[in-house]
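> this one's sequence-less:
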């Protein structure tokens, strides 16, 4: 199947700093990418839908100014967690839409200390 | 998208078949049944999907009842590496539509 690469896989940052997470579709072009967040022992929750060349669509309760999404090319979407706080510590997962199924990245475990 | 119901957890002996049920009684005619799994601390992995016919691939088989209100994912010979959370999702097959994840079934394959 198609490959989606997410980087970094793990990051620890200080409270108040910003962290950028990259999501690349390696062997196909993804017009649409999704960003999910997963807290311990919970399921994935959609944060936003990212469309190449246009503004991302955020789910209710997700602050667009805190979670900046850029999808400037058909193979790359980035999520920047700005002014991170300990409550932002979570597992962030990107996904690229294929013709029928979606392909997921390996996830990024963010720990804010 | 229609809602699904899965048992929260199941155990299976290594080498035996794992049969994971999913109820989707409100599924619409144009909604597919998808299965993904998530091994600990990894992103979800696609397993299989189908509309109404049974499907089989190198990973698993998907059995959908005739009324389409339920389905079963079958892992024919479970291994320890199949221990994961398995998600059953029903979804219209539209490009660009996200997947909505429920709590899934935590499958533990025991030696």
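Looks like it came in fine. Predicted model only: the values in this text are computed from it and were never measured.
> Which residues of chain A lie near chain B?
By C-beta under 8 Å from any C-beta of the partner chain, the residues of chain A that approach chain B are A:1, A:4, A:6, A:31-32, A:34, A:36, A:42-46, A:49, A:51, A:91, A:93-95, A:97-107, A:109. From N, CA and C alone the C-beta is placed, and that goes for glycine too.
> Buried ones among those?
A:4, A:6, A:31-32, A:34, A:36, A:44-46, A:49, A:51, A:91, A:93-95, A:97-98, A:101-107, A:109 (16 or more other C-beta atoms under 10 Å in any protein chain shown).
> Let me see the contact set for the most centrally placed residue in chain A.
When C-alpha atoms, centre = their mean is applied to chain A, the residue found nearest the centroid is residue A:35 (3.9 Å). Shown in contact with residue A:35 (C-beta atoms under 8 Å, 6 or more residues apart in numbering or on different chains): A:23, A:46-48, A:50, A:67, A:69, A:77, A:79, A:92-95.
> one more time with 6 Å, if that's ok
Shown here is residue A:35, whose contacts under the criterion C-beta atoms under 6 Å, 6 or more residues apart in numbering or on different chains are A:47-48, A:79, A:94.
> excluding its backbone neighbours, what's nearest it?
residue A:47 (4.6 Å; C-beta to C-beta, 6 or more residues apart in numbering or on different chains).
> That neighbour is in contact with residue A:62, isn't it?
Yes. Judged on C-beta atoms under 6 Å, residue A:47 makes contact with residue A:62 at a distance of 4.9 Å.
> Looking at the two, which one has more neighbours?
residue A:47 (24 against 17; other C-beta atoms under 10 Å in any protein chain shown).
> Pick out the residue closest to the middle of chain B.
Geometric middle of chain B (C-alpha atoms, centre = their mean) lands on residue B:35, at 3.4 Å.
> And for the helix or strand harbouring that residue, what's in contact with it?
Using DSSP states H and E, residue B:35 falls within strand B:31-38. With contact meaning C-beta under 6 Å, 6+ apart, strand B:31-38 is reached by B:2, B:44-51, B:71, B:73, B:84-93.
> Could you restrict these to the ones contacting chain A?
B:44, B:46, B:93 (C-beta under 6 Å from any C-beta of the partner chain).
> Which of the residues you listed are buried, as a PyMOL select command?
The PyMOL selection below is limited to those of those classed as buried (16+ other C-beta under 10 Å):
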select buried, chain B and resi 44+46
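> about what we covered before: partner residues bridging the residue nearest to the centre of chain B?
According to DSSP bridges, the residues that bridge with residue B:35 are residue B:48, residue B:88.
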